[in-house]
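K.L.:
sequence unavailable; structure follows:
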């Protein structure tokens, strides 16, 4: 099963690979996007933030993804580097955290696999804002301009 986290990691890998392939004269200018994203007022490390053009016309330049640090700070990357071309974007999110289903009294070893010790990943983002959700109708929009772009958003808790 492909989870939003797995999809996010694949997108980040492809974006990073694309950075080394860009730089041709036809690339549109990109503008840095920084900010802070929290979930229910709390910062989470590795909260994934996806930017897609609101028009729905995705190309190798205008899809971006960012990952928050432990303080919720965000930097967005695309195939062309840090930032995105000017335009309006829809924004979706994914934040998965481990849930331990193993009793505290159980003895675990370093060789135990998460599935064997009862660790499951739990998605914290509500469906309305969730990346990859077929019926996602994210209300979040962001317009990238040639001036300073600061994206600050608190995702509502489930």
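P.N.:
That came through, no problem. Predicted model only: the values in this text are computed from it and were never measured. Residues are numbered from 1 along each chain as shown.

K.L.:
what's the weakest-modelled helix or strand in this protein?
P.N.:
Sorting the helices and strands of the chain by mean pLDDT, DSSP states H and E puts helix 4-19 at the bottom, at a mean of 50.

K.L.:
hmm, who's touching the helix or strand just after that helix?
P.N.:
Counting by DSSP states H and E, the next helix or strand C-terminal to helix 4-19 is strand 33-39. Contact with strand 33-39 is made by 43-44, 47, 49, 51, 64, 66, 68, 71-76, 83-84, 93, 95, 124-125, 142, 144, 149-155, 157, as judged by Cβ atoms under 8 Å, 6 or more residues apart in numbering. (Each C-beta comes from the backbone N, C-alpha and C, glycine too.)

K.L.:
buried subset of these?
P.N.:
For these, a neighbour count by 16 or more other Cβ atoms under 10 Å gives the buried set as 43-44, 47, 49, 51, 64, 66, 68, 72, 74-76, 83-84, 93, 95, 124-125, 142, 144, 149, 151, 153, 155.

K.L.:
the closest residue in space to residue 46 that isn't next to it in sequence bridge partners, please.
P.N.:
Nearest residue to residue 46, sequence neighbours excluded (Cβ to Cβ, 6 or more residues apart in numbering): residue 67, at 5.7 Å. Here residue 67 sits in beta bridges with residue 48, going by DSSP bridges.

K.L.:
that older thread, show me the contacts of strand 33-39 that map onto helices.
P.N.:
Among the contacts of strand 33-39, no residue falls in helices (DSSP state H).

K.L.:
may I have the phi/psi pair for residue 128?
P.N.:
phi -60, psi -20 (degrees, to the nearest 10).
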